[in-house]
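K.L.:
Sequence and predicted structure are below.
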Amino acid sequence: MNLLFVHQNMPGQYRELVQWLAAQGSHRIYFLTQRKNAPNLQGVETRKYQSHRRPAKDAYGLSKVWEEATGYGFGAVQAAKKIEAEEGFRPDIIVGHAGWGELTFFKQIWPDVPIIGFFEYYYNMTGGSVGFDPEEPVSEHAPFLMHARNSVPLVNIETVDQGHCPTYWQRDRFPKSFHNRVYVCHDGIRTDKLLPKPKVKLGLNRLGRDLTKSDEVITYVARNLERTRGFHTLMRALPRILSERPAARILIVGGSEVSYGGKSKVPGGLRAEMEAEIGDRVDWDRVHFLGQIPYPDYQKMVQVSRCHIYLTMPFVLSWSLLESMSMGATIVAADVPPVREAMTHGETGLLVDFFDPDALAAQVIDVLARPKDFAHIGKAARDHVVENYDFLTKCLPEHIRQINALVPSEKAIKLPA
């Protein structure tokens with residue numbers, strides 16, 4: 001089969017799917033992306049596209065996102081036409097992210113080619129991250145700006161033949177008219193690779209020795225250290241945690257940019273703001289900011305952790321939560337709807353109020369003090385992810401079924417017996 005994947009930040013949500021398809025050796029796969037340092041995936045022809053037009057900095061706010069999306073969309077189809085003309089590649093199906101506008105014009109060049117679009121998020125003024133935190137007040141224009149952003153999915157639901165969403169909470173953010181046109185299935189977690197490892201060792205330069213499971217290690221992971229992922233709540237919990245557990249240390253992974261939400265007004269970003277707020281109330285020698293680290297080191301970090309913290313506003317669920325569950329971590333997480341879809345308090349995780357640093361601290365302290373009493377939670381968390389989110393046995397078959405439903409039977413993708 002000829003498959004065209006489209007995602008401005010390759011591989012995005014298709015990390016596992018595209019590599020599995022390529023490994024079959026029987027498909028011709030192209031991937032269109034804007035990413036300059038896109039990974040070189042064996043069996044995948046990566047082609048770059050450029051936005052045809054980007055909005056000016058002072059572009060009208062209510063149409064700025066749509067202008068950017070159409071620039072992406074037109075740039076993507078121009079690149080696709082070039083691939084067809086110069087390389088003879090015409091897809092049997094297109095699979096791509098619907099939120100950036102990249103899919104918008106593909107029916108204009110290939111009206112008979114089916115499209116599966118990834119619908120990630122629909123912006124509403126209630127129930128999501130916008131307006132959730134009183135420390136991030138919204139402007140009076142926010143309702144109009146949020147709804148204007150939705151122009152992209154509203155157009156693209158009529159562009160695609162089938163929609164896809166990774167969780168029910170995300171699907172339910174969209175209008176009900178979307179629901180029967182969007183199948184729900186997670187991207188998939190490689191639970192066969194993301195395993196507990198009792199004898200794991202993690203080197204820490206500042207410490208001068210390896211950390212092991214016998215150490216009181218707390219971990220926190222986010223793409224960037226920001227309010228949407230609860231970094232401010234974490235930092236406010238640290239003074240009590242480190243005071244009551246003098247042998248504990250925390251490993252914090254995340255960059256200094258902002259992926260979601262507003263930027264801190266303090267020079268140095270939210271990290272600098274929170275460091276100033278906490279001041280000398282913590283032993284900074286036991287706080288380790290690791291930045292963004294290689295994936296194998298991230299795995300070891302979670303595997304060595306005695307207590308893993310996952311905080312988020314009501315927003316897109318991070319891969320890291322399900323990956324940490326797969327590795328058998330005892331997780332203290334924010335009690336918000338997207339987390340509750342994947343985790344049950346007292347069974348597969350421990351949920352606390354996002355806005356209550358003291359409750360977070362108390363729960364983490366309890367886990368550190370009584371690890372054996374909470375050991376069953378990590379095992380149950382892994383069992384839950386294996387049963388519901390495993391890529392090879394649960395998610396892959398559904399994604400392939402959805403692809404096969406849109407192509408002629410003679411081109412159907414075969415799953416291993």
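P.N.:
Now that the structure is in, tell me what you want to look at. Quantities reported herein were computed from a predicted structural model and do not represent experimental measurements.

K.L.:
helix or strand right after the lengthiest helix in the chain?
P.N.:
As assigned by DSSP state H, the longest helix anywhere in the chain is helix 61-87. Next along the chain after helix 61-87, taking DSSP states H and E as the criterion, comes strand 93-97.

K.L.:
Let's see that next one as CSV, backbone CA atoms only.
P.N.:
Presented in CSV, the C-alpha positions along strand 93-97 are these (Å, rounded to 0.1, in the frame of the first residue of the first chain):
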residue,chain,number,x,y,z
ILE,A,93,-4.6,6.7,1.9
ILE,A,94,-3.5,9.9,3.8
VAL,A,95,-3.0,9.9,7.6
GLY,A,96,-2.3,13.2,9.3
HIS,A,97,-2.9,15.7,12.0
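
K.L.:
and that strand, which residues are buried?
P.N.:
93-97 (16 or more other Cβ atoms under 10 Å). Using the backbone N, CA and C atoms, a C-beta is placed for each residue, glycine as well.

K.L.:
Do me a favour and average the pLDDT over the strand or helix carrying Leu238.
P.N.:
Taking DSSP H and E as the definition, one finds Leu238 inside helix 231-244. For helix 231-244, the mean per-residue pLDDT is 98.

K.L.:
same deal with stretch 332-345?
P.N.:
On average, stretch 332-345 scores 98.

K.L.:
try stretch 178-196
P.N.:
The model assigns stretch 178-196 a mean pLDDT of 98.

K.L.:
Can you list the buried residues in that stretch?
P.N.:
Residues 178, 182-189, 191, 194 are the ones in stretch 178-196 that count as buried (16+ other Cβ under 10 Å).

K.L.:
quick one: which of those residues sit in strands?
P.N.:
182-184 (DSSP state E).

K.L.:
Could you dump those residues into a markdown table with distance to Thr70 added?
P.N.:
Converted to a markdown table, those look like this (distance: Cβ to Cβ, whole Å):
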| residue | distance to Thr70 |
| --- | --- |
| Val182 | 23 |
| Tyr183 | 27 |
| Val184 | 28 |
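
K.L.:
Out of the residues you listed, which is nearest to Trp284?
P.N.:
Val184 (43.4 Å; Cβ to Cβ).

K.L.:
The closest one contacts Gln162, correct?
P.N.:
No: in this structure, Val184 is not within contact of Gln162 by Cβ atoms under 8 Å, at 11.9 Å.

K.L.:
The longest helix of the chain vs strand 93-97, what angle?
P.N.:
150 degrees (axes from the mean of the first three to the mean of the last three Cα atoms, to 10 degrees).
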